[in-house]
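# Sequence isn't available, so here's the structure alone:
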């Protein structure tokens, strides 16, 4: 059974530059060992998420397509260290 994320951010309707800023801000506000679930629709945003988050404190937990008709993706990351 999957653990429920500590935070969820739905950026499916946001434009990519703004959505990446929101992801970065949400991640920065998290405490260590907390998880963030990001819901996105743009495939570029899905991969860009890992580029804007600091690799030394971000652990990828899950990346999957969860609504095929909308091409929506779910990305879960865990904050391993404070930045």
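Nice, thanks for sending it over. From a predicted model like this one, the values you see are computed outputs, not experimental measurements.

# Show me what counts as buried in stretch 34-49.
Using 16 or more other CB atoms under 10 Å as the test for burial, stretch 34-49 gives 35, 36, 37, 38, 40, 41, 42, 45, 46, 48, 49. Yep, even glycine has a C-beta here, placed from its N, CA and C like the rest.

# and of those residues, the nearest to residue 62?
Set against residue 62, the nearest of the buried residues of stretch 34-49 by CB to CB is residue 37 (8.1 Å).

# Now the closest one: which helix or strand?
Counting by DSSP states H and E, the element that carries residue 37 is strand 35-40.

# Run the chain-centre distance for that strand.
Mean-position distance between strand 35-40 and its chain equals 4 Å (CA atoms, centre = their mean, to the nearest Å).

# Quick check: the farthest pair among the buried residues of stretch 34-49?
Pairwise distances among those were taken by CB to CB; the largest, 21.5 Å, belongs to 35 and 42.

# Tell me where the protein has strands.
Per DSSP state E, the chain carries strands over the ranges 7-10, 35-40, 58-67, 72-79.

# So for residue 20, which of these sits nearest?
Of all those, it is strand 35-40 that lies closest to residue 20, at 9.7 Å by CB to CB.

# tell me the angle of the closest one relative to strand 58-67?
In terms of direction (axes from the mean of the first three to the mean of the last three CA atoms, to 10 degrees), strand 35-40 departs from strand 58-67 by 40 degrees.

# Can you name the residues in contact with strand 35-40?
Strand 35-40 has contacts (CB atoms under 8 Å, 6 or more residues apart in numbering) with 3, 5-12, 19, 23, 26-27, 30, 46, 49, 61, 72-79.

# Could I have the buried ones of the residues you listed as PyMOL selection syntax?
This is the PyMOL syntax for the buried subset of those, where burial follows 16+ other CB under 10 Å:
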select buried, resi 5+9+11+12+19+23+26+27+30+46+49+72+73+74+75+76+77+78+79
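
# picking up where we left off before, in the sheet, which strands lie alongside the strand holding residue 37, parallel or antiparallel?
Strand 35-40 sits in its sheet next to strand 7-10 (parallel), strand 72-79 (antiparallel), going by DSSP bridges.

# can I get those strands in a markdown table with distance to residue 54 and mean pLDDT?
Listed next are the strands paired with strand 35-40 as a markdown table, based on distance: least, CB to CB, whole Å; pLDDT from 0 to 100:
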| stretch | distance to residue 54 | mean pLDDT |
| --- | --- | --- |
| strand 7-10 | 17 | 97 |
| strand 72-79 | 9 | 95 |
